[in-house]
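Undergrad: Mind looking at a prediction? Sequence and model below.
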Amino acid sequence: MSRATLVIMAAGLGSRFGTGIKQLEPVGPNGEIIMDYSIYDALEAGFDKVVFVIRKDLEKDFREVIGKRIEKITEVAYAYQEVTDIPEEYRDKFKGRSKPWGTGQAVLCCKNVVDSPFLVINADDYYGKEAYKEAYSYLTSMSKNGKIQICMIGFVLKNTLSDNGGVTRGICRVNADGMLDGITETHNIEKDGENAVVRNGEDITYLDIDSPVSMNMWGLPQEFFKMLEDGFSDFLEKTPQDDSKAEYLLPTLIGHLLQEEKISVKVLRSEEQWFGVTYKEDKDAVACALQRLTLNGSYPSVLYTLNR
């Protein structure tokens, strides 16, 4: 069987979740966290390795809550996203920085532990079984002719909204061949009955609820690490020393590479319901959804032994 790696970005602070680390909140009927379902679906689809991207200070919690049991069923590696993990020539320039550098750096941290095509996901997002099957099929059949080929799992906007507040989504432009033409990062999208809207004071913009959106689920070949490295150096060079909030974001880099025609991006459309814990109030809805999926047979009553 062809190899493929699941990379889980779990170094975020969970700032909107309030107290605690949102990626480690139990939501399943037996105390499972969202990552348990992501890993279960990925392994079922054919992935054979899991890489957790975490902060070093979270390692003990991660190993206790999920790492130790996943190590019993598949190959596991850890990559650490640290603010100081930047090219040496820029360390003095940003020596006062405390905020992590964003999803682009998070993926770059994996360079030395990823040894096959890989799928990048958020730790606190539930993507559904079909997404992993589509991604595995694509990653294990990519050709290496011409420009670098990557894939993005595109979800339907209406299937990704929260009942508890506004969300940010990358709304995609997809051509007739199913290839990505561009992404528009759109902030504070709210659910309004059967509609998706963005409010700006008195102004209301209605969005197409069937628009494909990016949920940070990207399928990438190993060759992409060189592009990430080059892009990060360029980003650090252009970022002012006193800009403490600038982030090197994976979708932004992919957008630039797309414009420069250095990559092609196949959009694999998923009709499944996405859900995640953006707000603390989302947790109960996620738990109910996972309970329904367990009761209808989508998942066994016990995913695997939850040895702590």
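TA: Received, thanks.

Undergrad: show me where the stretch 201-308 of the chain has strands.
TA: If DSSP state E, counting those that start in this stretch is used as the criterion, the strands of the stretch 201-308 of the chain fall at 203-207, 212-220, 263-270, 275-276.

Undergrad: Any idea which of those strands gets closest to R97?
TA: When these are compared by Cβ to Cβ, strand 212-220 sits nearest R97, at 22.8 Å. In short, each C-beta sits where N, CA and C put it, glycine included.

Undergrad: What residues of that closest one count as buried?
TA: Within strand 212-220, the residues that count as buried by 16 or more other Cβ atoms under 10 Å are 212-220.

Undergrad: in what helix or strand does the residue nearest to K266 when sequence neighbours are not counted lie?
TA: For K266, ignoring the flanking residues on the chain, the nearest one in space by Cβ to Cβ, 6 or more residues apart in numbering is C151 at 4.6 Å. Secondary structure from DSSP states H and E places C151 in strand 148-156.

Undergrad: As CSV, could you dump the C-alpha coordinates of that strand?
TA: The C-alpha coordinates for strand 148-156 follow below in CSV (Å, rounded to 0.1, in the frame of the first residue of the first chain):
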residue,chain,number,x,y,z
ILE,A,148,4.0,20.8,-8.3
GLN,A,149,0.5,19.4,-7.8
ILE,A,150,-1.4,19.8,-4.5
CYS,A,151,-5.0,19.3,-3.4
MET,A,152,-7.5,21.0,-1.2
ILE,A,153,-10.6,19.5,0.2
GLY,A,154,-13.3,22.0,-0.5
PHE,A,155,-16.3,22.1,1.9
VAL,A,156,-19.7,23.7,1.2
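
Undergrad: Follow the chain on from it and name the next helix or strand.
TA: strand 167-174.

Undergrad: What average pLDDT does the helix or strand just after that next one get?
TA: Sequence order places strand 180-192 as the next helix or strand after strand 167-174, per DSSP H and E. Averaging pLDDT along strand 180-192 yields 91.

Undergrad: With just CA atoms, put whichever helix or strand comes after strand 180-192 into PDB.
TA: Helices and strands here follow DSSP H and E; after strand 180-192, the next one along the chain is strand 195-200. Extracted in PDB, the C-alpha atoms of strand 195-200 (Å, rounded to 0.1, in the frame of the first residue of the first chain):
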ATOM      1  CA  ASN A 195     -28.300  32.500   4.700                       C
ATOM      2  CA  ALA A 196     -24.700  33.300   5.300                       C
ATOM      3  CA  VAL A 197     -24.000  36.900   5.800                       C
ATOM      4  CA  VAL A 198     -21.200  39.400   6.600                       C
ATOM      5  CA  ARG A 199     -22.200  42.400   8.600                       C
ATOM      6  CA  ASN A 200     -20.300  45.700   8.500                       C
END
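
Undergrad: ok, and what's touching strand 195-200?
TA: Contacts to strand 195-200, defined as Cβ atoms under 8 Å, 6 or more residues apart in numbering, come from residues 157-158, 161, 186-190, 204-209.
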